[in-house]
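In: Coordinates for the following, if possible.
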Amino acid sequence: MQIFVKGSDKALAFYQNAFDAKVVCSYPNLDGTLMHSELDVYGQILAVSELTEKTTLTGNTMMFCLHFGEGKETIVQKIYDELKDEAEIISPLGPCSYSPLEADLIDKFGIRWCVFV
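Out: Below you'll find the model as predicted:
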């Protein structure tokens with residue numbers, strides 16, 4: 001998973017806290033933002049880099065889905081509680097047709113997430 005955001009240095013700290021993640025590497029730009037960084041998010045790498053004029057975007061058409069499975073409700077709740085800060089909530093944390101606990105939101109950095117058990 002790779003994301004490009006404005007304020008990548010702040011995003012790295014935000015996601016590190018939200019996912020209880022370990023920083024694997026971090027390569028800062030001169031202004032303190034990140035050319036490239038990586039977090040270990042439950043065994044998967046989430047790369048965070050600064051969005052620049054050279055990065056071409058056509059719209060937010062992706063969603064990162066993290067499926068934790070039954071018995072992991074506490075993890076989903078914690079992630080939701082962190083990511084919902086200044087987020088656009090598409091589906092608040094609760095039951096849905098495919099899960100007893102699910103949330104869908106666009107976080108304050110513009111990244112869409114679906115977390116569920």
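
In: Can you show me the strands along this protein?
Out: Under the criterion DSSP state E, the chain contains strands at 2-5, 22-28, 34-41, 44-50, 64-67, 88-96, 99-106, 112-116.

In: how distant is the longest one from the center of its chain?
Out: Offset of strand 88-96 from its chain centre (C-alpha atoms, centre = their mean, to the nearest Å): 16 Å.

In: same thing with the fourth one?
Out: The gap between where strand 44-50 is centred and where its chain is centred comes out at 9 Å by C-alpha atoms, centre = their mean.

In: by contact count, what packs against that strand?
Out: In this structure, strand 44-50 packs against strand 2-5, helix 8-18, strand 34-41, with contacts taken as 3 or more C-beta pairs under 8 Å, 6 or more residues apart in numbering; DSSP states H and E. (Glycine included, C-beta is placed from N, CA and C.)

In: ok and the second one relative to strand 22-28, angle-wise?
Out: It refers to helix 8-18. For helix 8-18 against strand 22-28, the angle by axes from the mean of the first three to the mean of the last three C-alpha atoms, to 10 degrees is 180 degrees.

In: what's in contact with helix 8-18?
Out: Here helix 8-18 makes contact (C-beta atoms under 8 Å, 6 or more residues apart in numbering) with 3, 5, 21-23, 26, 28, 32-34, 37, 39, 41, 46, 48-51, 78-79, 82-83, 107-109.

In: Okay then, goodbye and thanks.
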